[in-house]
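Trainee: Please work out how this folds:
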Amino acid sequence: MRCSWTVSRGPAGRRWPRTARHPCPTGASRCGSSVSWYLSAVHSDCFESSLTEGYGKLGKWLDGGWVVRGGEFAVEELEALRGPLTGYCYRLLGSAADTDDAVQETLIRASSRWEQYDPGRARLSTWVHRIATNVCIDMLRAAKRRALVMDVGSAGPELGAPLPAEVWVEPMPDSRVLAGQDPGEVVAGRESVRLAFIAALQRLAPRQRAVLVLRDVLVFSAQETAEILDTTVPAVNSALQRARAALDADRPDPFDVYDPEDAGQRDLLRRYVAAFESHDVAGLTAVLREDAVASMPPFLWRLEGAGKIATVMGDSDSCAGARLVPCRMNGAPGFGQYRPGDDGVLHPFALIAVDIQDGRIARMVTFLGTHDRFAEFDLPEVLRGSEQVSV
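Mentor: Numbers count the residues shown, from 1 in each chain. Reported below is the predicted structural model:
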C-alpha cells in the first residue's frame, strides 16, 4: 500500500502553485523521430514547453522573510516552475510520489543556492532543470526500473502475490503535468505523458531519458541540454540518437489521440461505463478490441482478448454495485472506481486508465491501492448511489 503524496510547500508553508505558460527557447528544435510514434497522430509541431524565463534576480529566505535583489521575489519565480518541473520529473521517474519528492527537493536546493544563479549566463528554467536532473538521476541510481504489467513477460491470468509499489509506473492527473498550456500544446502534451510513453522512457538509461525529454519533449536546445547535463553538445546529440533508436526499436502500435470533445470517443466511453456498471458481458465485448488487454497492478495479472476480459469482469462479484466517475489521467480517459460500503455509500476503490485504438478500447489498467489518491484527480471523496455522473 502506497502512501498518498503530500502537497509541496515553500517557506512559511506556502504552496508551490502550478505554472503559467511562457515562450519556449528561441531557436529550439522541433520534435525528433523518437517520440513521433507517440505524437504521430497529432500532426503538428512539438508543443512549446511551459517554461518560465528568468526575468529578474533571485532573493534569499533569511530569518523568516525573503531578502530580495532587483525588487523581484525568488519565491514567485520558483513557484512558477513547479508545473514544468512536475512534468519533467514524472517523465524521468514514472512515479507520482517520487516526482513530488523530486520537485520539492529541487525547489529547496534552488532557493538555497540562489547566489549561484547568474541570469547573464543561463535562463532560470535551464538552471533549475539542471538541479532537477541531478535530483532525479540520484534517485534513479537506487531505484528499480518501473514498468506496466504488459511489459512484464511473466504476467498472466493468475492473480499471484502483489509486487512492491516501486515496481510499477504510477498514474498522474493531467492537472499536474498539463496545467497552463495553450489548447494546441495540450494535445501534444497529452501524448507525452501517456502511460505507454512513460513506461518506454523507463527502459532508457537515466541520462538518455533526460536528454530525450529535454530535447524532444520540452524543446530545450542542444546547448541548453548540454549545460543542464554538464556535458558537451556532441555528447548530447549522441545520447539523443541512441535514445531515439532504442524507442523506435521497441514501439507498440499507437493509441488514438484522446479528444474529450470527440463525439465518437465520448459515446464509446459512455457505453463502456454502462456495460461495466451493469456487468453486461455483451456490452463490454462490443466496446473492446478483440486483442484488448486488461491488467491490475500491483499484481502480475493480465487478461488478453475481449471475450475473456468481458466474461471475467461480468462474473466478478468484486465489481457488484461499482460506479465509475470520469477523470483525466496521463493524457487519456480515466475513471475512479467506487465500491459500496456497509454504510450504503460508495467509497474510492481504484483508479482505471483506458486507452482507445481504432475506435475501441484497447487497454484497461486498474491501479489497485490508489483509493487515497482520488483527490488528486478531482474525484469526490464519496459517492451517493443516486448521484448522476456524466461521461
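
Trainee: any low-confidence regions in the stretch 251-391 of the chain?
Mentor: 385-391 (pLDDT under 70).

Trainee: got the residue ranges for the strands in it?
Mentor: 288-295, 302-304, 323-329, 332-340, 346-357, 360-368 (DSSP state E, counting those that start in this stretch).

Trainee: got those strands as CSV, with mean neighbour count and distance to Asp101 columns?
Mentor: The way it works is simple: take the backbone N, C-alpha and C, and place the C-beta from them, glycine included. Shown next, in CSV, are the strands of the stretch 251-391 of the chain (neighbours: other C-beta atoms under 10 Å; distance: least, C-beta to C-beta, whole Å):
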stretch, mean neighbour count, distance to Asp101
strand 288-295, 20, 26
strand 302-304, 18, 30
strand 323-329, 22, 20
strand 332-340, 23, 23
strand 346-357, 21, 20
strand 360-368, 21, 19
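
Trainee: Could you dump these into CSV and include distance to Asp256?
Mentor: Formatted as CSV, these follow (distance: least, C-beta to C-beta, whole Å):
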stretch, distance to Asp256
strand 288-295, 11
strand 302-304, 20
strand 323-329, 15
strand 332-340, 9
strand 346-357, 4
strand 360-368, 9
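
Trainee: how many neighbours does Leu201 have?
Mentor: When neighbours are defined as other C-beta atoms under 10 Å, Leu201 has 27 of them.

Trainee: now do Ala200
Mentor: Around Ala200 there are 24 residues (other C-beta under 10 Å).

Trainee: In a helix, it, correct?
Mentor: Yes - under DSSP: H, G, I helix; E, B strand; the rest coil, Ala200 falls within a helix.

Trainee: State the distance from it to Leu212.
Mentor: Ala200 sits 10 Å away from Leu212, taking C-beta to C-beta, to the nearest Å as the criterion.

Trainee: one step back: nearest to Asp262 among the strands of the stretch 251-391 of the chain would be which one?
Mentor: Smallest distance to Asp262 across those (C-beta to C-beta): 9.4 Å, for strand 346-357.

Trainee: picking up where we left off before, of the strands of the stretch 251-391 of the chain, which is nearest Ala275?
Mentor: strand 288-295 (9.3 Å).

Trainee: Just the residues contacting that closest one, thanks.
Mentor: Outside strand 288-295, the residues that touch it by C-beta atoms under 8 Å, 6 or more residues apart in numbering are 148-150, 155, 301-306, 309-310, 312-313, 357-358, 360-366.

Trainee: how far off strand 346-357 does it point, in degrees?
Mentor: For strand 288-295 against strand 346-357, the angle by axes from the mean of the first three to the mean of the last three C-alpha atoms, to 10 degrees is 130 degrees.

Trainee: start at 16 instead
Mentor: Noted, 16 is the first residue going forward, which turns the last one into strand 303-310.

Trainee: Within its sheet, name the partner strands of strand 303-310 and how each one runs.
Mentor: Using DSSP bridges, the strands paired with strand 303-310 are strand 317-319 (antiparallel), strand 375-383 (parallel).

Trainee: Mind telling me what element Ser190 is part of?
Mentor: In this structure, Ser190 sits in helix 189-192 according to DSSP states H and E.

Trainee: Just the CA coordinates for stretch 180-190, please, in PDB.
Mentor: C-alpha atoms of stretch 180-190 as PDB (Å, rounded to 0.1, in the frame of the first residue of the first chain):
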ATOM      1  CA  ALA A 180       4.800  -0.300  -5.400                       C
ATOM      2  CA  GLU A 181       8.200   0.800  -6.700                       C
ATOM      3  CA  VAL A 182       8.000  -1.800  -9.500                       C
ATOM      4  CA  TRP A 183       5.100   0.000 -11.300                       C
ATOM      5  CA  VAL A 184       4.600   3.100 -13.300                       C
ATOM      6  CA  GLU A 185       2.100   5.200 -11.400                       C
ATOM      7  CA  PRO A 186      -0.800   7.300 -12.900                       C
ATOM      8  CA  MET A 187      -0.700  11.000 -12.900                       C
ATOM      9  CA  PRO A 188      -3.500  13.500 -13.200                       C
ATOM     10  CA  ASP A 189      -3.400  15.800 -16.200                       C
ATOM     11  CA  SER A 190      -3.900  18.800 -14.000                       C
END
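
Trainee: Verify the contact between Gly102 and Ser190 for me.
Mentor: No - using C-beta atoms under 8 Å, Gly102 makes no contact with Ser190, being 11.3 Å away.

Trainee: neighbour-wise, which of those two wins?
Mentor: Gly102 (27 against 15).

Trainee: ok, back up a step: of the strands paired with strand 303-310, which approaches Arg209 most closely?
Mentor: Here strand 375-383 is closest among the strands paired with strand 303-310 (C-beta to C-beta), at 10.5 Å.

Trainee: how big is the angle separating the closest one from strand 338-344?
Mentor: Using the same axes, to 10 degrees, strand 375-383 lies at 100 degrees relative to strand 338-344.

Trainee: Export strand 375-383 to PDB, keeping only CA atoms.
Mentor: Written as PDB, here are the backbone C-alpha positions of strand 375-383 (Å, rounded to 0.1, in the frame of the first residue of the first chain):
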ATOM      1  CA  ARG A 375     -12.400   0.700 -29.500                       C
ATOM      2  CA  ILE A 376     -10.900   0.200 -26.000                       C
ATOM      3  CA  ALA A 377      -7.600  -1.500 -26.300                       C
ATOM      4  CA  ARG A 378      -6.200  -1.400 -22.800                       C
ATOM      5  CA  MET A 379      -7.500  -1.000 -19.300                       C
ATOM      6  CA  VAL A 380      -5.200  -0.600 -16.300                       C
ATOM      7  CA  THR A 381      -6.800  -0.800 -12.900                       C
ATOM      8  CA  PHE A 382      -4.400   0.600 -10.300                       C
ATOM      9  CA  LEU A 383      -5.300  -1.000  -7.000                       C
END
